[in-house]
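In: Next comes the sequence, and after it the predicted model I'd like to discuss.
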Amino acid sequence: MLKKQIKARLLLFAAGVCCLAMLTGCATSKQSAPEETENNTQISDDGSETTTDANTGGSETDLDTQNEIPETFKPSDLTIPSLEQYEEPYAGMNFTLPDSIKDQMESKEVAMLSHMQDMEQKEAVGYEMFTWNYMTNEQLEATVESKGNGYYEWEDSLERLGALGVYHTSYLEQLDQLTKCTDHKELGKSADGEYTYYLSIAKDADKDFAKALGEIELKITDMQPLTEDHGEAGDETLGEFSVQDLNGTSYTKEMFQDNKLTMVNVFTTWCTPCINEIPDLEKLHVQMKDQEVGVVGIILDAVDENGEIDEAAVEKAKLIQERTKATYPFLIPDVELISGRLRGIDAVPETFFVDKNGNIIGNTYSGSHSLDDWKKIVQTELDNFKGESE
């Protein structure tokens, strides 16, 4: 079961989702990875571009080539970043970590990973847990092939320290196997009694780290059912906002008036799948302009938690825009994060649609998609919008 969950998580990575708080945020995108790809174009973290022919291994520089799955990746890119709070609606828990654990995560000494298995009905989790593992510099820099067992072997090589998780009653007998720990402390149960929350400590874990794990602050909440997207946005609106793009041009919600529908793509500069789909979004921007469809990018990490501009992220975004040849605006969020719409996003890229009046319409989509898939999605949203308007 654990191997099945890990494989599903890798498919989500290949499908193009970077998660801010946890990899289960990726569960909103149920895209499957294709079996073969003809060419792969990647924009690296520094903005440089490489296109690889999957059949010959040769390199190209043509950004028109469709990107699907990179041939190799760093497993450490799947580790969860240090955050002030982790909100896990599908697991029914919110938790905060002590500073000592966050410090070791930020220094890359400790890797925090997410593990999840759906119930067979796919409507709820069977279990969801977060683990902490020692990571050597060699493991940090390791690169594995996207296909095969490289990721599993890399994760198995990490030294487990502890785990925090919620488990359906049907998984409790596997607790030692799932957590790789032998000391389990029950922290509570779900409202219906079907799930139990445990803090688990590995037998050989460092005593100071084990003590720090015991200082995790957990709040048990109602568990939300798994869904494929965020559903209908109803009458939600972006409200009033004033932001600038990377060139210093100012924008308000009036920017939407020139199009019937505007696709708003929220991304971060550290999310490789986000960056790799930008060339396709540029093509969409050009090809669907006659249908009055616009595209806007929002750089989520261009501001910090206090609303202050992160100059390093802005400079990186400028390089990304230059390298990808994107002509649609890359917006820097304001202190209110675009009327609060960007608050709570736990997985990027996230894409939603706005009408000419700034109303959010249709569905919200997590994960990157190919150009053909995006064109189908946009056409569906256009058709649905037209039907509602008549």
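Out: Now that the structure is in, tell me what you want to look at.

In: ok, now which ones touch the closest residue to Leu238 other than its chain neighbours?
Out: Nearest residue to Leu238, sequence neighbours excluded (C-beta to C-beta, 6 or more residues apart in numbering): Gly358, at 4.6 Å. From N, CA and C alone the C-beta is placed, and that goes for glycine too. Neighbouring residues of Gly358 by C-beta atoms under 8 Å, 6 or more residues apart in numbering: 237-239, 253, 256.

In: distance of Gly358 from Ser250?
Out: 16 Å (C-beta to C-beta, to the nearest Å).

In: got it, and Asp99?
Out: 39 Å.

In: can you check Glu381 too?
Out: Taking C-beta to C-beta, one finds Glu381 at 27 Å from Ser250.

In: The top helix by length along the chain packs against which elements?
Out: In the chain, ranked by residue count with DSSP state H as the criterion, the top helix is helix 371-389. Under the contact criterion of 3 or more C-beta pairs under 8 Å, 6 or more residues apart in numbering; DSSP states H and E, helix 371-389 touches strand 261-267, helix 272-287, strand 350-355, strand 360-366.

In: Would you map the helices across the chain?
Out: Ranges of helices in the chain, per DSSP H, are 2-15, 99-106, 137-141, 150-157, 175-179, 207-213, 272-287, 311-324, 371-389.

In: Return the most buried member of these.
Out: helix 272-287 (a mean of 22; mean count of other C-beta atoms under 10 Å).

In: quick check: mean pLDDT across it?
Out: In this model, helix 272-287 carries a mean pLDDT of 93.

In: Can you name every helix or strand that that helix contacts?
Out: strand 18-19, strand 39-43, strand 261-267, strand 293-299, helix 311-324, helix 371-389.

In: rerun at 6 Å
Out: Other helices and strands packing on helix 272-287, by 3 or more C-beta pairs under 6 Å, 6 or more residues apart in numbering; DSSP states H and E, are strand 39-43, helix 311-324, helix 371-389.

In: centre of the chain versus it, how much separation?
Out: Relative to its chain's centre, helix 272-287 lies at 17 Å (C-alpha atoms, centre = their mean, to the nearest Å).

In: cool, and stretch 351-370?
Out: On C-alpha atoms, centre = their mean, the centre of stretch 351-370 falls 16 Å from that of its chain.

In: Identify each buried residue in that stretch, please.
Out: 351-356, 358-370 (16 or more other C-beta atoms under 10 Å).

In: Stretch 79-90 too?
Out: 79-80, 82-83, 86-90.

In: Just put the helices of the chain in JSON lines and tack on distance to Val303.
Out: Conversion of these to JSON lines gives the following (distance: least, C-beta to C-beta, whole Å):
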{"stretch": "helix 2-15", "distance to Val303": "26"}
{"stretch": "helix 99-106", "distance to Val303": "19"}
{"stretch": "helix 137-141", "distance to Val303": "28"}
{"stretch": "helix 150-157", "distance to Val303": "32"}
{"stretch": "helix 175-179", "distance to Val303": "37"}
{"stretch": "helix 207-213", "distance to Val303": "30"}
{"stretch": "helix 272-287", "distance to Val303": "16"}
{"stretch": "helix 311-324", "distance to Val303": "8"}
{"stretch": "helix 371-389", "distance to Val303": "26"}
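
In: Out of the ones you listed, point me to the one whose mean pLDDT is lowest.
Out: Ranked by mean pLDDT, the helices of the chain bottom out at helix 2-15, with a mean of 43.

In: Could you report the distance from the residue nearest to Leu238 to Asp206?
Out: Gly358 is 52 Å from Asp206, by C-beta to C-beta.

In: cool, and Tyr198?
Out: Tyr198 is 20 Å from Asp206, by C-beta to C-beta.

In: and what of Glu381?
Out: Distance of Glu381 to Asp206, given as C-beta to C-beta: 51 Å.

In: Leu158 now?
Out: On the measure of C-beta to C-beta, Leu158 and Asp206 end up 14 Å apart.

In: of the two, who's got more company?
Out: A direct count of neighbours by other C-beta atoms under 10 Å for Leu158 and Asp206 places Leu158 higher, at 21 against 13.

In: Now do the same contact list for that one.
Out: 133, 135 (C-beta atoms under 6 Å, 6 or more residues apart in numbering).

In: Which pLDDT value does the model give it?
Out: pLDDT, read off for Leu158, is 96.

In: How about Ser59?
Out: Ser59 is given a pLDDT of 33.

In: Can you flag the buried ones in the contacts of Gly358?
Out: The neighbour-count test (16+ other C-beta under 10 Å) marks 237-238, 253, 256 as buried among those.

In: Where does confidence bottom out across those residues?
Out: Lowest confidence among the buried ones among the contacts of Gly358: Thr237, with 76.

In: For that residue, which non-adjacent residue is closest in space?
Out: Using C-beta to C-beta, 6+ apart, the closest residue to Thr237 is Asn359 (4.9 Å).
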